[in-house]
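Trainee: Generate a structure from the sequence data that follows.
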Amino acid sequence: MTAQAPERLEGEPLIQASSVDHPLYEAVVGACRTVYDPEIPVNIYDLGLVYSIVIDAEGAVEIVMTLTAPGCPVAGEMPGWVSDAVGPLPGVKSVDVRITFDPPWGMDMMSDEARLELGFM
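Mentor: Residues are numbered from 1 along each chain as shown. Okay, the predicted model is just below:
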């Protein structure tokens, strides 16, 4: 379940656009918000770790995400936590969670809510 994102062709965007218009999108985002980075008391979505959520017409969900650092101690477990949160949603056929470090995560990727919670605002 944890594979590196495929190599990009020149000119391709770093992050594939999310399926924001899909009826399952908000539910998938909500499920991602139930998964927390154990080292930072903020959910992975508001931390900016979820780069894209792509949902096809059959309900197959592909999530590309990153970690706060390549040496994250839960790197092997995090994709399973995300899959376990999203998989039970009604209408979800399958979940594929992929980890990438391109682009690397930075604190500027956090939502305003996460910044506020962590005292950066």
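Trainee: What residue, apart from its backbone neighbours, is nearest residue 94 spatially?
Mentor: Closest residue to residue 94 apart from its sequence neighbours, by Cβ to Cβ, 6 or more residues apart in numbering: residue 60 at 4.8 Å. Where C-beta positions appear, they are placed from N, C-alpha and C, glycine not excepted.
Trainee: which ones are touching the spatially most central residue of the chain?
Mentor: Nearest to the geometric centre of the chain sits residue 50, at 2.4 Å (Cα atoms, centre = their mean). Residue 50 makes contact with 29, 32, 44, 63, 64, 65, according to Cβ atoms under 8 Å, 6 or more residues apart in numbering.
Trainee: Apply 7 Å and report the result again.
Mentor: Contacts for residue 50 (Cβ atoms under 7 Å, 6 or more residues apart in numbering) come out as 32, 44, 63, 65.
Trainee: what's the neighbour count on the closest residue to residue 44 other than its chain neighbours?
Mentor: Closest residue in space to residue 44, ignoring its immediate chain neighbours: residue 35 at 5.0 Å, by Cβ to Cβ, 6+ apart. By other Cβ atoms under 10 Å, 20 other residues sit near residue 35.
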